[in-house]
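> Here is a sequence with its predicted model. Questions after.
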Amino acid sequence: MSEITYDGFAELYEAEFEGRDLDVLFYARRVEGARILVLGCGAGRVPRGLVGPGRDIVGLDLSAKMLELATQRGDGARYVLGDMRHLHAADLGDAPFDEVLIPNAAFNFLLTRGDQRACLEAVAKRLSPEGRLTLDMPMPDFALWATASAPERLAWEGVAEGRPVRRLRATTRDRAHQRLDLHDRYVSDDGETLHRAVLRLRLVLPNEAEWMMEGCGLYVEEMFGDYNQSPVSDTRPRLIICARRAE
């Protein structure tokens, strides 16, 4: 698994992503049941959007700093420090979950087949008999796949920690291993580098995702290419897998 836990730049990451809600609205339209687990929940953006009467929302993340930010919001969700590969070791309670969500490419940080299998098998064990997993990943950009690297460019600008901030990003690709490495540098308005991070992801293809599920006790029920539930296509930005237990 990628070693990054976001502890060093949680506030910067949260400043960029807090206002994004297309995926949250997608989940809010579709979630079933009362007990929902969000893996790789970060600072709680997705759990916050799902809190409601009669719901038990649990968010799990590897980053203690992200969970500290989430808990400070006091939104009614419960946040747990843990690893999505080893759910048995996390304080999730004994009851199964009606929904498990893995949003915003969190699954792509699992870089090996062993890590991917461990996560999916752990999820299958924690789902209720009618429970559902929703896994949101970026669709590989085949137009860029032939390019081994791209130089640093502006990827985001906004306000974080009370001052203007820009995120610059360079990319490298290992096509044989479906690897995408994102080299991020956060820069203040006066040019000071506030933080550097390398996000290491493994991209997943649609047929590959189906085999993954089938090998881990799940089956694919639906597959979408965006948050409007459009069909999967190599021109659409997302690969959203909705799967249930294969019992």
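Thanks, I have the structure now. Numbering: from 1, shown residues only.
> Can you pull up the most central residue in the protein?
The centre of the chain sits closest to residue 106, judged by C-alpha atoms, centre = their mean, with a distance of 2.8 Å.
> Now do the same for that one: its pLDDT.
With respect to pLDDT, residue 106 scores 97.
> my read: it touches residue 39, true?
Yes: between residue 106 and residue 39 there is a contact under C-beta atoms under 8 Å: 6.1 Å. For every residue, glycine as well, the C-beta is placed using N, CA and C.
> wait, what's in contact with residue 77?
Neighbouring residues of residue 77 by C-beta atoms under 8 Å, 6 or more residues apart in numbering: 44, 47, 48, 50, 51, 57, 58, 59, 70.
> Out of these, which comes closest to residue 200?
residue 59 (22.6 Å; C-beta to C-beta).
> Now for the residue lying closest to that closest one once chain neighbours are set aside, how many residues are close by?
The shortest distance from residue 59 to any non-neighbouring residue, by C-beta to C-beta, 6 or more residues apart in numbering, is to residue 41 (3.2 Å). Per other C-beta atoms under 10 Å, the neighbour tally for residue 41 reads 28.
> tell me the contacts of the closest residue to residue 83 other than its chain neighbours?
The shortest distance from residue 83 to any non-neighbouring residue, by C-beta to C-beta, 6+ apart, is to residue 62 (6.0 Å). Shown in contact with residue 62 (C-beta under 8 Å, 6+ apart): 5, 40, 81, 82, 83.
> out of those residues, who has the most neighbours?
Most surrounded of the contacts of residue 62: other C-beta under 10 Å gives residue 40, at 25 neighbours.
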